[in-house]
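# How does the following fold in three dimensions:
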Amino acid sequence: MTDNIGIEYVTDKAGNRSKVLISYEDWQRIEAGFKKWEAYEYRKSSLKTAFSEVKLMQQGTLPKKDMQTFLDEC
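Next comes the predicted model:
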């Protein structure tokens, strides 16, 4: 993702990097990648929760839901 980005560094008087400058177009690509990653992480978390609930239902520690209740939650 960062291989084709023109990065410029801003340094302080001591030569320590303090800021990064990139083009707006590069930022848009990075931001789009972040949004995709966030969506992926959300789906992954939701699936983990769902599988945990199914396991608890199979063990009998969580009541099973009928199809209508399941669909109403979606």
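
# pull the longest helix from this protein.
helix 24-59 (DSSP state H).

# That helix: which residues count as buried?
Asp26 (16 or more other Cβ atoms under 10 Å). Where you see a C-beta, it was placed from the backbone N, CA and C, and this is true even at glycine.

# For the helix or strand that it is followed by, which helices and strands make contact with it?
Scanning forward in sequence from helix 24-59 by DSSP states H and E, the next helix or strand is helix 67-73. Where contact means 3 or more Cβ pairs under 8 Å, 6 or more residues apart in numbering; DSSP states H and E, helix 67-73 is not packed against any helix or strand.

# Tell me where the model's unsure across this structure.
1-2 (pLDDT under 70).

# again, 90 this time
Applying pLDDT under 90 to the chain flags the ranges 1-6, 50, 63-74.

# show me the contacts for Asn19.
Rather than Asn, residue 19 is Lys. Tyr9, Val10 (Cβ atoms under 8 Å, 6 or more residues apart in numbering).

# Tell me what it is bridged to.
Val10 (DSSP bridges).

# do you know how far it is from Glu25?
Distance of Lys19 to Glu25, computed by Cβ to Cβ, to the nearest Å: 19 Å.

# roughly how far out does stretch 66-74 sit from the chain middle?
Centroid displacement of stretch 66-74 relative to its chain, using Cα atoms, centre = their mean, to the nearest Å, is 26 Å.

# same check, this time on stretch 53-73
With Cα atoms, centre = their mean, you get 26 Å for stretch 53-73.

# for stretch 50-63, same thing?
26 Å.

# Contacts for that stretch next, please.
Lys64, Lys65.

# so Leu21 touches Ile5, yeah?
No: applying Cβ atoms under 8 Å, one finds Leu21 not in contact with Ile5, separated by 10.5 Å.

# which one of those two has more residues nearby?
Ile5 (14 against 11; other Cβ atoms under 10 Å).
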